[in-house]
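> Sequence unavailable; structure follows:
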């Protein structure tokens, strides 16, 4: 039973990573940039839903909606103000700007909400637990909701990318922005939409993350952000099924390492697995291998 | 004034000018500090500034000269810092001269950091670009995680190591040197401003000489076009690894200089935020520009201290300044304004314009 419980917890944590990793992988695939501020958008999503649900006492589901709207707007604003002028700049310039945005979000949150951790009330508090095998295996409502949300989001994203016109434009831009522009695709607005979707997903991830691990601080998003980014790389950056697979595997590895090897070294093990995978398959699990041209 | 044509101008443009800047800056700060006109916070910060300058120059060797984005530089600083502190504790039992202990500890830290750089570098150099960046980040986090669980103690029987707890060291009457998440405790504060100055000079000597050597040209050739470099017989992996290992060794020394300026150093000091901080110094100073690294590290280490009067707003301002410096030069309106100023006021006309701009060069 212990094994099964750990597996389910791992899939649940991995689902959160997967949702965050989707945002990373889409932005990377289309804008070719490492958006280091993505983890902090998660934190903003967590705080906004916290304010709506716990401080104002409104319906938690309304809190999720507001969080998604705020984060989407935030993502679009960040992209317009900070990243858009740097479209033609070196990737390091963009990376440092993203780090600056990350500091800005963390310190703004610090000023508004303070450094003391907030205790987050789960959005599904009071929902019934799932009991299996005569109560030997108890699965919390948070776990079920997280896993379902991840599955729904992944299916929705794959459908969106492959079945809609905007999705097609996104694929074209990620393949070749110059050629996409020649075909009449508005590259700038496509990138904006990508940021909007990624940030909206980050808000959902923030709510789910804080529901399962209820401490909310200005730095809450940083470590999950980094882990989700490694998950995106793990699964093959730019690939949506890859991000989900990478996220879930990373979550399982982390929980198993905590359960069977020891809490202290779980992070080291997660990163060691990432390194091994990248050495064996440098483009990630589901990434496409692009040969270097002379 | 035409720079670069007179003897002095040529010397000024070369490594000599860089050494001169460092020596003059040291002299000025030393005089100010002994005259008591520097705030005590800044005086205490001087060895730290030197440590960050060396760390920034060494990271610039990787990022600017070798062209690899490394996000785990602080990991090598922590390896150097912790091995150096353990070594210093052992040496001071037999050697009575503090500066000799410090130098030997520095060398030990550098050797261990170089070994760590080699162990990390061999697999990392199989990758490139963003993948390399993420793997160095992962290695940095692994090193931090190991340091967070490392316990080292010293008693009559010698050194004791453990990965679980301080009790597990089984010591009777020894001292704990490294105490897991609390880091190195009871560190002898051996770092001095003069020591830091020497460290900066050593770092500069190593990096500047490496850049101007055959190996350095090979490293830059690999950076500019690895396929072309390989086709003329340069062993790309060897030279990329060389830059990485040298930078790691220098980072280890910088880490020890930083650590020995404080009484206690926690491993979290060397997490990925620290690596990113040094990367910010490198990029703001100019990628590949050693002098820029020195100036930006100095200014950016001092800036948060100067901004301390704004208490909780200082990091916010720091973030805004960082974004503004990166973004503003790329905003068309600001570009036009800068061009206008350069056009109207001769003083701001930059002397080294983009190559190919003939009219500007004839000034």
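Structure's in. What do you need? Note that the structure is predicted; figures quoted are calculated from it, not measured. Residues are numbered from 1 along each chain as shown, chains lettered A, B, ... in the order given.

> Distance check, residue A:116 against residue A:215.
In this structure, residue A:116 and residue A:215 are separated by 10 Å, where distance is defined by Cβ to Cβ, to the nearest Å. (Each C-beta comes from the backbone N, C-alpha and C, glycine too.)

> more crowded one of those two?
residue A:215 (11 against 8; other Cβ atoms under 10 Å in any protein chain shown).

> Show me the beta-bridge partners of the more buried one.
Here residue A:215 shows beta-bridge partners residue A:119, assigned using DSSP bridges.

> buried ones in stretch A:171-183?
Neighbour counts over stretch A:171-183 (16 or more other Cβ atoms under 10 Å in any protein chain shown) mark A:172-174, A:177, A:180 as buried.

> go on, stretch B:42-55?
Applying a neighbour-count criterion of 16+ other Cβ under 10 Å, the buried positions in stretch B:42-55 are B:42, B:45-55.

> Leaving out chain neighbours, which residue sits closest to residue A:125?
Nearest residue to residue A:125 in three dimensions, chain neighbours excluded: residue A:60, at 7.8 Å (Cβ to Cβ, 6 or more residues apart in numbering or on different chains).

> For residue A:47, give me its contacts.
Contacts for residue A:47 were tallied using Cβ atoms under 8 Å, 6 or more residues apart in numbering or on different chains; they are A:109, A:112-113, A:118, A:216.

> Check residue B:166 too.
For residue B:166, the set of contacting residues under the criterion of Cβ under 8 Å, 6+ apart consists of B:151, B:153, B:176, B:179-180.

> Tell me if I'm right that residue B:26 and residue B:198 touch.
No: shown here, residue B:26 and residue B:198 do not form a contact pair, counting by Cβ atoms under 8 Å, at 9.6 Å.

> For the contacts of residue B:166, pick the one with the most neighbours.
Neighbours here are counted as other Cβ under 10 Å. On that basis the top member of those is residue B:153, with 22 neighbours.

> I figured that residue hits residue B:173, correct?
No: the pair residue B:153 and residue B:173 fails to qualify as a contact (Cβ under 8 Å) at a distance of 10.4 Å.

> So which residues on the stretch 51-200 of chain B come close to chain A?
Taking Cβ under 8 Å from any Cβ of the partner chain as the criterion, the stretch 51-200 of chain B approaches chain A at residues B:63, B:69, B:123, B:126-127, B:130-131, B:133-135, B:137-139, B:141-142, B:145-146, B:148-149, B:163.

> swap the cut-off to 6 Å and go again
With Cβ under 6 Å from any Cβ of the partner chain as the criterion, the stretch 51-200 of chain B meets chain A at residues B:123, B:127, B:134-135, B:138, B:141-142, B:145, B:149.

> need the longest helix for chain A.
Determined from DSSP state H, the single longest helix within chain A is helix A:2-31.

> Show me what that one is packed up against.
For helix A:2-31, the packing partners by 3 or more Cβ pairs under 6 Å, 6 or more residues apart in numbering or on different chains; DSSP states H and E come out as helix A:141-163, helix A:165-175, helix A:187-212, helix A:222-235, helix A:240-256.

> could you give the angle of the shortest one to helix A:187-212?
Compare the direction of helix A:165-175 with that of helix A:187-212 by axes from the mean of the first three to the mean of the last three Cα atoms, to 10 degrees and you get 100 degrees.

> Show me what helix A:165-175 is packed up against.
helix A:2-31, helix A:187-212.

> How far does the helix or strand hosting residue B:177 sit from its chain's centre?
Under the assignment given by DSSP states H and E, the secondary-structure element containing residue B:177 is strand B:175-179. Between the centre of strand B:175-179 and the centre of its host chain there is 26 Å, according to Cα atoms, centre = their mean, to the nearest Å.

> got it, and stretch B:227-247?
Counting by Cα atoms, centre = their mean, stretch B:227-247 is centred 22 Å from the centre of its parent chain.

> Next up, the contacts around residue B:191.
Applying Cβ atoms under 6 Å, 6 or more residues apart in numbering or on different chains, one finds that residue B:191 lies in contact with B:47, B:257, B:260-261.

> go with 8 Å
Listed by Cβ under 8 Å, 6+ apart, the contact partners of residue B:191 are B:47, B:51, B:102, B:257-258, B:260-261.

> and it, that one's in a strand?
No: judged by DSSP: H, G, I helix; E, B strand; the rest coil, residue B:191 forms no part of a strand; its state is coil.

> Surely residue B:75 is in contact with residue B:275?
Yes: Residue B:75 is in contact with residue B:275 according to Cβ under 8 Å; the separation is 7.2 Å.

> Need the buried residues of stretch B:42-55 in TSV (columns: pLDDT and secondary structure).
Rendered in TSV, the data for these read as follows (pLDDT from 0 to 100; DSSP: H, G, I helix; E, B strand; the rest coil):
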residue	pLDDT	secondary structure
B:42	83	helix
B:45	87	helix
B:46	90	helix
B:47	91	helix
B:48	91	helix
B:49	92	helix
B:50	93	helix
B:51	94	helix
B:52	94	helix
B:53	95	helix
B:54	95	helix
B:55	95	helix
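
> Which of the residues you listed sits closest to residue A:205?
When the buried residues of stretch B:42-55 are compared for distance to residue A:205, the smallest value, 33.9 Å, is given by residue B:55; criterion: Cβ to Cβ.

> The closest one - nearest residue in space that isn't next to it in sequence?
Leaving out its chain neighbours, the residue that sits closest to residue B:55 by Cβ to Cβ, 6+ apart is residue B:254, at 4.0 Å.

> so which helix or strand takes in that neighbour?
When elements are assigned from DSSP H and E, residue B:254 belongs to helix B:236-259.

> what sits up against the lowest-mean-pLDDT helix or strand in chain A?
Among the secondary structure pieces of chain A, namely its helices and strands, strand A:130-132 has the lowest mean (mean pLDDT, DSSP states H and E), a mean of 74. Applying Cβ under 8 Å, 6+ apart, the contact partners of strand A:130-132 are A:137-141, A:144.

> Buried ones among these?
Going by neighbour count (16+ other Cβ under 10 Å), the contacts of strand A:130-132 have A:139-141, A:144 buried.

> returning to that earlier point: please tabulate the contacts of strand A:130-132 in JSON lines, including the columns pLDDT and distance to chain B.
Rendered in JSON lines, the data for those read as follows (pLDDT from 0 to 100; distance: Cβ to the nearest Cβ, whole Å):
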{"residue": "A:137", "pLDDT": "76", "distance to chain B": "31"}
{"residue": "A:138", "pLDDT": "77", "distance to chain B": "31"}
{"residue": "A:139", "pLDDT": "80", "distance to chain B": "30"}
{"residue": "A:140", "pLDDT": "83", "distance to chain B": "28"}
{"residue": "A:141", "pLDDT": "83", "distance to chain B": "32"}
{"residue": "A:144", "pLDDT": "87", "distance to chain B": "31"}
